[in-house]
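Peer 1: A structural model of the following input is requested.
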Amino acid sequence: MLSQNRAKAKAIPWEKTLNLAALLVRLPEGSIAMQHLIDPDATVYGVRFLTPAEQGGLRSDVLYFCEPEQLSTALDEAPFLNCVLINAIFVPEGAGESDSANIVVLDAGANPYACFNALQAFFVEERDVSSIVRRLLAAHFSNKGLRYLIEEAYVALRNPIAVVDTNYRYIAHNLGELKDDESTFAQVMREEMLYESILEPGVEYISRMGLDTEIARQHKPVARYNDHLGCNTLTGAVMVRGICVAHVMMADTDHPFGSLDEEVFGRLVLFVGQELQKMALYETSWDQSHSFFLVDLLNDEQPVRSVIERRIKVLNFRPFPRLYVLVIHPRENELLASDIEHIMSQLSVLRRRGLYAKYRDDLVVLHSRQEDDPLDEDLLGKLREVAALNHLDVGISNSFDYVADIRAYYAQACRAVTYGNLVKHALDDQSVYLYRNYAYIQMMEQTSRNVSLLNSCHPALLDLLHYDEAHGSELMDTLFAYLQCANSAARASAMMHLHKNTLLYRLGRIRQVTGMDLTSGEDIFVLQLSFRVLLYLGMWAPKMTVTRAELHDA
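Peer 2: Numbering: from 1, shown residues only. Predicted coordinates:
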């Protein structure tokens with residue numbers, strides 16, 4: 001069937017450009033006079049001029065440019081032929097009825113070499129696309145992470161690229177040299193890089209222009225001029241399990257976008273989604289954005305109140321006013337994503353208006369409570385139970401009221417674990433350590449950097465220690481238990497399984513050796529402090545370990 005075809009070429013989606021019909025629209029406008037297409041969807045992988053050397057080895061996946069007199073011989077030799085006739089005013093007799101050929105006749109005014117070059121340029125571009133995609137694929141499988149993938153994409157595409165999460169935080173980027181560039185794009189980026197976040201003017205522009213909605217509706221990268229950045233941008237949504245978790249943006253500040261950029265950028269967006277799914281952050285929280293936010297807070301040495309408040313609003317995170325940080329530390333094996341979800345399922349109370357994420361090999365939880373609802377024994381008891389079951393240590397910070405202060409309280413929770421384990425041979429808190437009970441150890445730790453802590457140990461207690469060593473007695477243990485029981489002889493004797501008279505006799509010997517008045521608050525203070533110094537320095541340890549709960553119960 002012959003038909004006239006002088007219509008203007010239309011843009012065809014890239015993924016269809018390997019079929020003949022889609023390839024032909026790349027010819028210069030008005031180039032085609034007539035066409036006989038039996039199979040317009042025939043796959044074409046190259047374009048050539050038909051020469052005598054080609055005869056006998058014609059391929060059905062190549063588009064041949066040929067003279068009319070070559071067509072009959074070619075039809076006889078090829079099982080199926082795709083050809084463009086040049087210097088012809090009609091399809092040769094018989095060829096128009098062939099059921100084994102796609103035949104296109106160029107218009108008499110068309111330049112056959114210009115037409116050939118237009119199609120050849122496409123296949124050169126296709127090879128360039130394949131080369132870049134292979135580079136991105138190698139970066140993806142290198143397991144060097146998202147930032148490395150973006151570095152490789154920047155080198156390949158030669159334009160600035162950034163990945164932004166749904167809280168408008170930059171999680172990976174390569175923007176090129178911005179230092180001496182005074183363009184609008186460079187000025188905006190320099191300011192936003194100070195905070196690693198899109199700032200209020202950018203967020204307002206995105207909202208006002210409905211960019212996120214437009215990208216979601218298109219289901220593919222969107223190209224448009226961005227007034228806020230002063231340049232053209234390509235932006236695509238990164239989908240993980242059907243949820244948009246980030247956007248990838250490329251700006252045309254170094255060179256204009258071409259079809260190659262659009263094709264490769266679409267592939268890059270898919271690779272970014274796969275990289276994000278590899279990150280533990282996306283595996284260890286009930287909500288990826290909340291988990292990202294918590295890790296950002298922990299990493300941010302100079303938090304900006306306005307940025308944090310905006311992100312809290314975007315997340316719809318509404319914590320109660322009293323905040324705590326819990327660091328849940330595995331004693332043995334590294335925590336896997338499944339371990340974390342299992343632990344959090346046992347501690348469902350911590351999920352309520354809280355955040356959690358894996359951070360530096362620990363599970364970190366930002367827990368919130370009402371102002372009149374401090375940590376209670378029910379929660380601490382549940383924590384002890386879960387810690388024992390899963391071989392964990394739990395450190396708990398003091399309470400605070402502003403999320404931006406989390407780094408200091410995260411440090412408290414970490415220290416609570418360290419300090420609790422340091423003295424657990426004397427007082428076992430059953431793997432749940434509140435910083436408020438161990439803050440004195442941090443004070444000793446800092447003091448020991450400048451002076452000898454032994455200077456803070458009362459000489460009388462050292463005398464008692466030497467007495468025990470010389471006589472094989474247990475006066476140090478007796479005094480420590482007595483002080484731990486708030487100077488109650490009855491409670492101390494019961495704890496040590498001693499007759500009360502035996503305990504009283506030992507206390508008498510202690511007074512003789514030390515010269516201390518055990519009814520004096522000052523004497524009791526310096527003795528308690530001295531015991532803590534010896535415990536911290538590892539110079540003495542009690543023979544009996546008790547729990548804090550046992551002291552309270554006594």
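Peer 1: can you name every helix or strand that the host helix or strand of residue 511 contacts?
Peer 2: Residue 511 is part of helix 500-514, with elements assigned from DSSP states H and E. With contacts taken as 3 or more C-beta pairs under 8 Å, 6 or more residues apart in numbering; DSSP states H and E, helix 500-514 sits against helix 459-471, helix 475-484, helix 489-496. In short, each C-beta sits where N, CA and C put it, glycine included.
Peer 1: same list, those, but as a markdown table with mean neighbour count, distance to residue 300 and mean pLDDT please.
Peer 2: Below are the helices and strands packed on helix 500-514 laid out as a markdown table (neighbours: other C-beta atoms under 10 Å; distance: least, C-beta to C-beta, whole Å; pLDDT from 0 to 100):
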| stretch | mean neighbour count | distance to residue 300 | mean pLDDT |
| --- | --- | --- | --- |
| helix 459-471 | 15 | 45 | 96 |
| helix 475-484 | 21 | 41 | 95 |
| helix 489-496 | 18 | 47 | 92 |
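Peer 1: to residue 225, which of those helices lies closest?
Peer 2: Closest of the helices and strands packed on helix 500-514 to residue 225 is helix 475-484, at 73.4 Å (criterion: C-beta to C-beta).
Peer 1: circling back: contacts for the helix holding residue 511?
Peer 2: Contact with helix 500-514 is made by 460-461, 463-464, 467, 473-475, 478-479, 482, 489-490, 492-493, 496, 498, 516-518, as judged by C-beta atoms under 8 Å, 6 or more residues apart in numbering.
Peer 1: and it, C-alpha only, in CSV?
Peer 2: Only the C-alpha atoms of helix 500-514 are listed here, as CSV (Å, rounded to 0.1, in the frame of the first residue of the first chain):
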residue,chain,number,x,y,z
LYS,A,500,23.5,-8.4,113.3
ASN,A,501,26.0,-8.7,116.2
THR,A,502,28.7,-9.8,113.8
LEU,A,503,28.0,-6.8,111.6
LEU,A,504,28.1,-4.4,114.6
TYR,A,505,31.4,-5.9,115.7
ARG,A,506,32.9,-5.3,112.3
LEU,A,507,31.6,-1.7,112.3
GLY,A,508,33.4,-1.2,115.6
ARG,A,509,36.7,-2.5,114.1
ILE,A,510,36.1,-0.1,111.1
ARG,A,511,35.8,2.9,113.4
GLN,A,512,39.0,1.9,115.1
VAL,A,513,41.0,1.4,111.9
THR,A,514,39.7,4.5,110.0
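Peer 1: the first helix or strand past it going along the chain versus helix 475-484: what angle between them?
Peer 2: Later in the chain than helix 500-514, the nearest helix or strand by DSSP H and E is helix 521-537. Angle, helix 521-537 to helix 475-484, by axes from the mean of the first three to the mean of the last three C-alpha atoms, to 10 degrees: 120 degrees.
Peer 1: list the helices and strands helix 521-537 packs on?
Peer 2: Looks like helix 521-537 contacts helix 439-447, helix 459-471, helix 475-484 (3+ C-beta pairs under 8 Å, 6+ apart).
Peer 1: show me what the longest one is packed up against.
Peer 2: Counting contacts by 3+ C-beta pairs under 8 Å, 6+ apart, helix 459-471 is packed against helix 475-484, helix 500-514, helix 521-537.
Peer 1: could you say which of those helices is packed most deeply?
Peer 2: Burial of the helices and strands packed on helix 459-471 is given as mean neighbour count (mean count of other C-beta atoms under 10 Å); helix 475-484 ranks first at a mean of 21.
Peer 1: helices and strands around it, which ones?
Peer 2: helix 459-471, helix 489-496, helix 500-514, helix 521-537.
Peer 1: about what we covered before: out of the helices and strands packed on helix 521-537, which gets nearest to residue 166?
Peer 2: helix 439-447 (38.1 Å).
Peer 1: residues of the closest one that come out buried?
Peer 2: Judged by neighbour count (16 or more other C-beta atoms under 10 Å), helix 439-447 contains these buried residues: 441, 442, 444.
Peer 1: adding pLDDT, write those residues out as CSV.
Peer 2: Below are the buried residues of helix 439-447 laid out as CSV (pLDDT from 0 to 100):
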residue, pLDDT
441, 95
442, 94
444, 93
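Peer 1: which of those lies closest to residue 208?
Peer 2: When these are compared against residue 208 (criterion: C-beta to C-beta), the nearest one is residue 442, at 49.5 Å.
Peer 1: ok, now which ones touch that closest one?
Peer 2: Contacts of residue 442 by C-beta under 8 Å, 6+ apart are 415, 419.
Peer 1: residue 105 now?
Peer 2: So residue 105 contacts 32, 33, 34, 35, 84, 85, 88, 89, 90, 91 (C-beta under 8 Å, 6+ apart).
Peer 1: now do the phi/psi pair for the fourth one.
Peer 2: Dihedral pair for residue 35: phi -150, psi 140, per degrees, to the nearest 10.
Peer 1: what's the answer for the last one, then?
Peer 2: Here the main-chain torsion angles of residue 91 (degrees, to the nearest 10) amount to phi -80, psi 130.
Peer 1: kindly report the same for residue 103.
Peer 2: Here is the backbone geometry of residue 103 (degrees, to the nearest 10): phi -120, psi 130.
Peer 1: and the longest helix along the chain, what does it pack against?
Peer 2: Ranked by residue count under DSSP state H, the longest helix found in the chain is helix 112-141. With contacts defined as 3+ C-beta pairs under 8 Å, 6+ apart, the packing partners of helix 112-141 are strand 46-49, strand 62-66, helix 146-157, helix 259-278.
Peer 1: buried stuff in the first one?
Peer 2: Of the residues in strand 46-49, those scored as buried under the neighbour-count criterion (16+ other C-beta under 10 Å) are residue 47.
Peer 1: same check on the longest one?
Peer 2: Across helix 259-278, burial judged by 16+ other C-beta under 10 Å covers 260-266, 268-269, 271-273, 275-276.
Peer 1: tell me what it is packed against?
Peer 2: Judged by 3+ C-beta pairs under 8 Å, 6+ apart, helix 259-278 is in contact with helix 112-141, helix 146-157, strand 231-240, strand 243-251.
Peer 1: mind putting the ones you listed into CSV with mean neighbour count, mean pLDDT and distance to residue 415?
Peer 2: Shown next, in CSV, are those (neighbours: other C-beta atoms under 10 Å; pLDDT from 0 to 100; distance: least, C-beta to C-beta, whole Å):
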stretch, mean neighbour count, mean pLDDT, distance to residue 415
helix 112-141, 15, 78, 39
helix 146-157, 20, 90, 31
strand 231-240, 20, 88, 36
strand 243-251, 21, 85, 34
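Peer 1: now these in JSON lines, with distance to residue 180?
Peer 2: What follows is the helices and strands packed on helix 259-278, written out as JSON lines (distance: least, C-beta to C-beta, whole Å):
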{"stretch": "helix 112-141", "distance to residue 180": "28"}
{"stretch": "helix 146-157", "distance to residue 180": "19"}
{"stretch": "strand 231-240", "distance to residue 180": "17"}
{"stretch": "strand 243-251", "distance to residue 180": "17"}
